[in-house]
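Engineer: predicted model follows, preceded by the sequence.
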Amino acid sequence: MTKKDANKMWGGRFDSKPTDIMQQINVSIDVDARLWPHDIALSKAHAEMLGKQKIITKKEADTLIDGLNKIEKELQSSKFPFRPEFEDIHMNIEARLKELVGDVAGKLHTARSRNDQVATGFRMWTRDAISDLVAEIEGFQTTIKTLSKKHAKDVMPGFTHLQPAQPVTLGKHLDAYWHMLNRDKSRLQDCSKRLNKCPLGAAALAGTPFPIDRDFTAKKLGFDGPMENTMDAVSARDFVAEFLFACAQAGLHLSRLTEEIIIWSSTQFNFVALSDQWSTGSSIMPQKKNPDSAELVRGKTGRLTGNLVQLMTMMKGLPLTYNRDMQEDKESAFDSYDTLKLCLQVMNGALDTAKFNTDQMLQASEDGYTTATALADWLVMELGLPFRDAHHVTGKIVKLAEKKSCKLSELDLKDMQKIEAGITNDIFKVL
Ligand code: ARG
């Protein structure tokens, strides 16, 4: 190995370049390339600040910004030459800048490090990802709201233990998901609020002796202000954990909805049918129409939970400040964002076009003695029975209906009066 083989970006004290295998584990450009819009934006803000603070000349700052604008165009039109020998997105952009504007490109890295750079870019990415996911959630909420209004009066059995419990309406059942999604949304927004402080200016970890203006860059990049502690700034990744948890929890909510759709679309339940567009057939059984869209979304929950566990396990026990382990912080976040977005879009489409079999739902709510609690409540309210006694009386009435293989509403008043003499014809109103 000769000295010229060492890395051009940081190889000053290196006599040889890394081995091919070292290179393989070192390189992250395939993953972090998608941080480019944020890396360009923060580099432009940094260059402008350096010029404003006279750390570099105004002319130099303009040259850097012009070069970054050119690179931005290359990236937008997929003409940017991504090269693994430059490790990550930050070095790729800087190396390209040098090709476009010459040695002055080396001044861009004054008063900053990749540590504060990546922390800043990643916070910006997460902020954007959150606002995008919030929009997707809101879209899905609108679909759910429309459906729950449409089915506000359609009676169905409400379940506990997956046993028919009490009659509810389909509208109310769906509305429960609207509320879950609303909390998912607020969790994401909360995460976005907390992460919105700027690490830039923390440099490697200790700050920098240059007279930088951190308020300027923070404001320029849409942050509420600079992060107070530079060591925390470069090493905090709890914002990623929060983001991943919020995604995992939203996915978990979706998995409950999908589970219901899967059960409801079985021949046994027959409460709902997904449209052909959101179902698939079987290669062997011609009669089958499977709710694959819902099953796939249910399956994705594992990824979302796994991503959270990956990030938290990777961060556990890391000493301050930046450690290279932390390069493993992005893939999970990108995957959770992509996955949750896709799942929300699938569920939105699948639900929007689903046909609910409201006759069957009504029928089922009559089948499972689901009005028994209403009967017990009537005994308390009308006859003044203590609830425990009313519960007991109702149990006997249900047993009677079971014996006669009829619905509660089909029982004879006289038979019920043999169990509790005070019962009147009014009871049929609640049955
Ligand atoms: N690609 C790196 C990461 O994502 C950038 C930071 C590199 N910093 C360093 N000290 N090697 O973590």
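Structural biologist: It's in.
Engineer: residue contacts, the closest residue to the ligand within the stretch 151-300 of the chain?
Structural biologist: Nearest to the ligand, among the residues of the stretch 151-300 of the chain, is Ala204, at 7.1 Å (C-beta to the nearest ligand atom). Just so you know, the C-beta spots here come from the backbone N, C-alpha and C atoms, and that holds for glycine as well. Shown in contact with Ala204 (C-beta atoms under 8 Å, 6 or more residues apart in numbering): 113, 115-116, 234, 321-322.
Engineer: switch to 10 Å and redo it
Structural biologist: Shown in contact with Ala204 (C-beta atoms under 10 Å, 6 or more residues apart in numbering): 112-116, 230-231, 234, 321-322.
Engineer: these in helices, which ones?
Structural biologist: With helices taken from DSSP state H, the overlap with the contacts of Ala204 comprises 114-116, 230-231, 234.
Engineer: shaky segments in the stretch 101-250 of the chain?
Structural biologist: Applying pLDDT under 70 to the stretch 101-250 of the chain flags no residue at all.
Engineer: phi first, then psi, for Asp190.
Structural biologist: phi -60, psi -40 (degrees, to the nearest 10).
Engineer: counting neighbours, what do you get for the closest residue to Lys288 other than its chain neighbours?
Structural biologist: Leaving out its chain neighbours, the residue that sits closest to Lys288 by C-beta to C-beta, 6 or more residues apart in numbering is Ser282, at 3.9 Å. Ser282 has 10 neighbours, counted by other C-beta atoms under 10 Å.
Engineer: so what's the residue of the stretch 251-400 of the chain at minimum distance from the ligand up against?
Structural biologist: The stretch 251-400 of the chain approaches the ligand most closely through Gln327 (3.7 Å), counting by C-beta to the nearest ligand atom. Residues near Gln327 by C-beta under 10 Å, 6+ apart: 25-28, 31-32, 87-88, 118, 314.
Engineer: which parts of the stretch 101-250 of the chain sit against the ligand?
Structural biologist: 114-115, 118 (C-beta under 6 Å from any ligand atom).
Engineer: could you dump those to JSON lines with neighbour count?
Structural biologist: Below are those laid out as JSON lines (neighbours: other C-beta atoms under 10 Å):
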{"residue": "Arg114", "neighbour count": "21"}
{"residue": "Asn115", "neighbour count": "20"}
{"residue": "Val118", "neighbour count": "26"}
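Engineer: quick one: the strands in the stretch 151-300 of the chain?
Structural biologist: Assigned by DSSP state E, counting those that start in this stretch, the stretch 151-300 of the chain shows strands spanning 155-160, 163-169, 272-273.
Engineer: I'd like to know which elements the last one is packed against.
Structural biologist: Spelled out, that is strand 272-273. With contacts defined as 3 or more C-beta pairs under 10 Å, 6 or more residues apart in numbering; DSSP states H and E, strand 272-273 has these neighbours: helix 238-264, strand 355-356, helix 358-367.
Engineer: pick the most deeply packed of the ones you listed.
Structural biologist: Of the helices and strands packed on strand 272-273, the one with the most neighbours on average (mean count of other C-beta atoms under 10 Å) is helix 238-264, at a mean of 21.
Engineer: in stretch 364-382, what counts as buried?
Structural biologist: Residues of stretch 364-382 classed as buried: 364-366, 368-376, 378-379 (neighbour count, 16 or more other C-beta atoms under 10 Å).
Engineer: Glu99: which of the strands of the stretch 151-300 of the chain is closest?
Structural biologist: Of all the strands of the stretch 151-300 of the chain, strand 272-273 sits nearest to Glu99, with 58.2 Å by C-beta to C-beta.
Engineer: name the residues that touch that closest one?
Structural biologist: 170, 260-266, 279, 289, 291, 294, 350-351, 353-358, 360-361.
Engineer: go again using 7 Å as the cut-off
Structural biologist: Strand 272-273 has contacts (C-beta atoms under 7 Å, 6 or more residues apart in numbering) with 261, 264-265, 354-357.
Engineer: and for stretch 378-385?
Structural biologist: Residues outside stretch 378-385 that contact it (C-beta under 7 Å, 6+ apart): 387, 390, 393-394, 420, 422, 426-427, 430.
Engineer: try 10 Å
Structural biologist: Contacts to stretch 378-385, defined as C-beta under 10 Å, 6+ apart, come from residues 371, 376, 386-394, 397, 420-424, 426-427, 429-431.
Engineer: pLDDT on it, on average?
Structural biologist: Stretch 378-385 shows an average pLDDT of 94 in the prediction.
Engineer: still on that earlier bit, want to throw the contacts of strand 272-273 into TSV with distance to Thr19 and pLDDT?
Structural biologist: Below are those laid out as TSV (distance: C-beta to C-beta, whole Å; pLDDT from 0 to 100):
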residue	distance to Thr19	pLDDT
Ile261	51	97
Trp264	56	97
Ser265	54	95
Ala354	55	96
Lys355	60	96
Phe356	61	97
Asn357	63	97
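Engineer: and the helix or strand Asp128 falls within, what does it pack onto?
Structural biologist: Element membership for Asp128 (DSSP states H and E) is helix 114-150. In terms of contacts (3+ C-beta pairs under 10 Å, 6+ apart), helix 114-150 is packed against helix 29-32, helix 36-52, helix 89-101, helix 170-195, helix 214-220, helix 230-235, helix 238-264, helix 330-352.
Engineer: how far does it sit from its chain's centre?
Structural biologist: 8 Å (C-alpha atoms, centre = their mean, to the nearest Å).
Engineer: in that helix, what counts as buried?
Structural biologist: For helix 114-150, the neighbour count (16+ other C-beta under 10 Å) marks 114-127, 129-130, 133-134, 136-137, 140-141, 143-144, 147-148 as buried.
Engineer: do the same with stretch 387-405
Structural biologist: Quick answer for stretch 387-405 (16+ other C-beta under 10 Å): 390-391, 393-394, 397-398, 400-401.
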